[in-house]
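**Student:** here are the coordinates; sequence isn't available:
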């Protein structure tokens, strides 16, 4: 593990003594000096973290991650084993796909009596039919992943409750038609169908109150139960928008609890919210500095703590989820959502979300896009799969046709998260005034091993960026440590759009969706109950410490 992520980082003989001293302290290897290389020692910010505390009751589950996918992608046949199978398997066998998003109200379900009906002009998201379900079944069987199914809302409520009926008018899907789709999905997918989600961000598109939305969810559940009395399918809701307050889910929980303490558990498979770090909607413009800033982190933490509080009010009988999240809403911010910094942000966002007791975090993604080929809102191709914040994309149309999708920076953040085992969080005592330089998480698993994730969120391209030298105070029983680095060799730092320069433990994800080899770890020295590691700007270290 080098002081800097770039292979071009070297130390002259004049600086070799300092490098040897650093190796003795940290166990890090330093490359041989190169003639003419820079002798300036990097600036260092020291941190002392304490990992000796008891594990908290908050569980960590590395299987909490997954993807939110537009219903339009599903309707266009993109959720197939050939296209996505290897990319999902690389992230583990326990992920979840959410089929929904904005196009949830813009697709036409061709099931039951509507199997042969022509889709109306308003169904700009396409037609979902049995062939799509069959392809999805093969994908789930191949990967072990499961799915939640989104169904329309706008056409099944009083039109007077729509905020803007003229904006993207929904095809007139009926309740019988919705139920027919759910019946077909359950018959095809079986237990791989986790729940049915009612509408997308209802508080953005309707004037329904939280109590009215709860009544709507119950109405859908009753219709599904009548058709599938032995399936015991539960619902996902309310999938509230990205507001940083939790007033919508608070009100929704109030309405559910008004039906009795057990009502939420009987009806809901999960209580869902949405959260984006920034926005690219209208005139909004997200920046990399904002994405990585302490302010963004603290705002997200407050949102997550509020979601956790709602879960506590429900006595933890209903899992709390973020079933749609990413760096910037409205298809992502170019130069931010598709840049290297999103790798580190995604890893950080997953860990902070898990630490607040949220059971699942799904990143909204494309499934079949050419990298950078963004389609504007008025394009005939929208809302099919063209988004800057996608987890994978093809270099060109020929690569897409060959099902060769390259991993985006976002994907590398999820892959790094996948390396962590189940366990319980351990507080490391990182103060808020350090968040501009460092993020730190500790996890203790059942066999007593300690895992620490350190993320230096500073941009290596910035003149004032410093190495974070972190001394970990460890339980006395710990004597061995190894670390795996998430790095980019690109000279432009966090704003690099070259996903090919990113590695995890020296490994990369191929265009077939598999790792070119297992991520490699390197040893760290542990002595006298502590270990010191240097984390270069714009890198993350995943450290495993054992007896």
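**Tutor:** Sure thing, it's come through. Here the structure is a predicted model, which means the values were calculated and not measured. Residues are numbered from 1 along each chain as shown.
**Student:** just how off-centre is stretch 439-456 within its chain?
**Tutor:** In terms of Cα atoms, centre = their mean, to the nearest Å, the centre of stretch 439-456 is found 19 Å from the chain centre.
**Student:** that stretch - what's its average pLDDT?
**Tutor:** Averaged across stretch 439-456, pLDDT comes to 96.
**Student:** ok, now stretch 122-141?
**Tutor:** pLDDT averaged over stretch 122-141 gives 97.
**Student:** next, the buried residues of it.
**Tutor:** Going by neighbour count (16 or more other Cβ atoms under 10 Å), the buried part of stretch 122-141 is 122-129, 132-133, 135-137, 139-140. Bear in mind the C-beta positions are built from the backbone N, C-alpha and C, glycine included.
**Student:** likewise stretch 454-467?
**Tutor:** So, applying 16+ other Cβ under 10 Å, buried residues of stretch 454-467: 454, 455, 456, 457, 458, 459, 460, 461, 465, 466, 467.
**Student:** for stretch 479-493, same thing?
**Tutor:** Buried residues in stretch 479-493 (16+ other Cβ under 10 Å): 481, 482, 483, 484, 485, 486, 487, 488, 489, 490, 493.
**Student:** do the same with stretch 52-60
**Tutor:** 52, 55, 60.
**Student:** hmm, the last one is touching residue 417, no?
**Tutor:** No. Counting by Cβ atoms under 8 Å, residue 417 is not a contact partner of residue 60; they are 10.2 Å apart.
**Student:** what's the average pLDDT for the helix or strand residue 414 falls within?
**Tutor:** Assigned by DSSP states H and E, residue 414 belongs to helix 409-418. The average pLDDT for helix 409-418 rounds to 98.
**Student:** equivalent analysis for stretch 240-251, please.
**Tutor:** Across stretch 240-251, the average pLDDT comes to 92.
**Student:** return the set of residues that bridge with the residue most central in space within the chain.
**Tutor:** Nearest to the geometric centre of the chain sits residue 363, at 3.7 Å (Cα atoms, centre = their mean). On the basis of DSSP bridges, residue 363 is bridged to residue 67, residue 325.
**Student:** residue 413 versus that one, what's the distance?
**Tutor:** Per Cβ to Cβ, to the nearest Å, residue 363 is found 9 Å from residue 413.
**Student:** overlap in contacts of those two?
**Tutor:** residue 346 (Cβ atoms under 8 Å, 6 or more residues apart in numbering).
**Student:** the helices in the stretch 201-350 of the chain, which residues?
**Tutor:** 202-205, 210-227, 247-258, 263-267, 288-291, 294-313, 341-355 (DSSP state H, counting those that start in this stretch).
**Student:** tell me how many other residues crowd residue 535.
**Tutor:** Residues near residue 535, counting by other Cβ atoms under 10 Å, number 27.
**Student:** whoops, I mixed them up, residue 477
**Tutor:** 11.
**Student:** ok, it touching residue 526?
**Tutor:** No. Here residue 477 does not reach residue 526: they are 10.7 Å apart, not a contact under Cβ under 8 Å.
**Student:** partners of the longest strand along the chain, with directions?
**Tutor:** Longest strand in the chain, counting residues (DSSP state E): strand 268-279. When pairs are called by DSSP bridges, strand 268-279 turns out to pair with strand 235-240 (parallel), strand 320-329 (parallel).
**Student:** closest one to residue 94 among those strands?
**Tutor:** strand 320-329 (14.4 Å; Cβ to Cβ).
**Student:** report the angle between the closest one and helix 247-258.
**Tutor:** 160 degrees (axes from the mean of the first three to the mean of the last three Cα atoms, to 10 degrees).
**Student:** residue contacts, residue 357?
**Tutor:** Contacts of residue 357 by Cβ under 8 Å, 6+ apart are 58, 308, 311, 320.
**Student:** neighbours of the third one, how many?
**Tutor:** By other Cβ under 10 Å, the residues close to residue 311 number 21.
**Student:** mind checking how far it is from residue 427?
**Tutor:** Applying Cβ to Cβ to residue 311 and residue 427 gives a distance of 20 Å.
**Student:** now do the first one
**Tutor:** The gap separating residue 58 from residue 427 is 10 Å, by Cβ to Cβ.
**Student:** can you check the last one too?
**Tutor:** When Cβ to Cβ is the yardstick, residue 320 and residue 427 sit 21 Å from each other.
**Student:** in terms of neighbours, single out the busier of these two.
**Tutor:** Counting neighbours by other Cβ under 10 Å for residue 320 and for residue 427 shows that residue 320 has the greater number, 24 against 17.
**Student:** so that one bridges to which residues?
**Tutor:** residue 271.
**Student:** need the three-state assignment for residue 398.
**Tutor:** helix (DSSP: H, G, I helix; E, B strand; the rest coil).
**Student:** relative to residue 543, how far out is it?
**Tutor:** 41 Å.
**Student:** then residue 169?
**Tutor:** The value you get for residue 169 to residue 543, if Cβ to Cβ is used, is 53 Å.
**Student:** who has more neighbours, those two?
**Tutor:** Higher neighbour count among residue 169 and residue 543: residue 543, with 23 against 18, using other Cβ under 10 Å.
**Student:** which SSE is the more buried one in?
**Tutor:** Here residue 543 is assigned to strand 539-546, by DSSP H and E.
**Student:** please compute how far that strand lies from its chain's middle.
**Tutor:** On Cα atoms, centre = their mean, the centre of strand 539-546 falls 20 Å from that of its chain.
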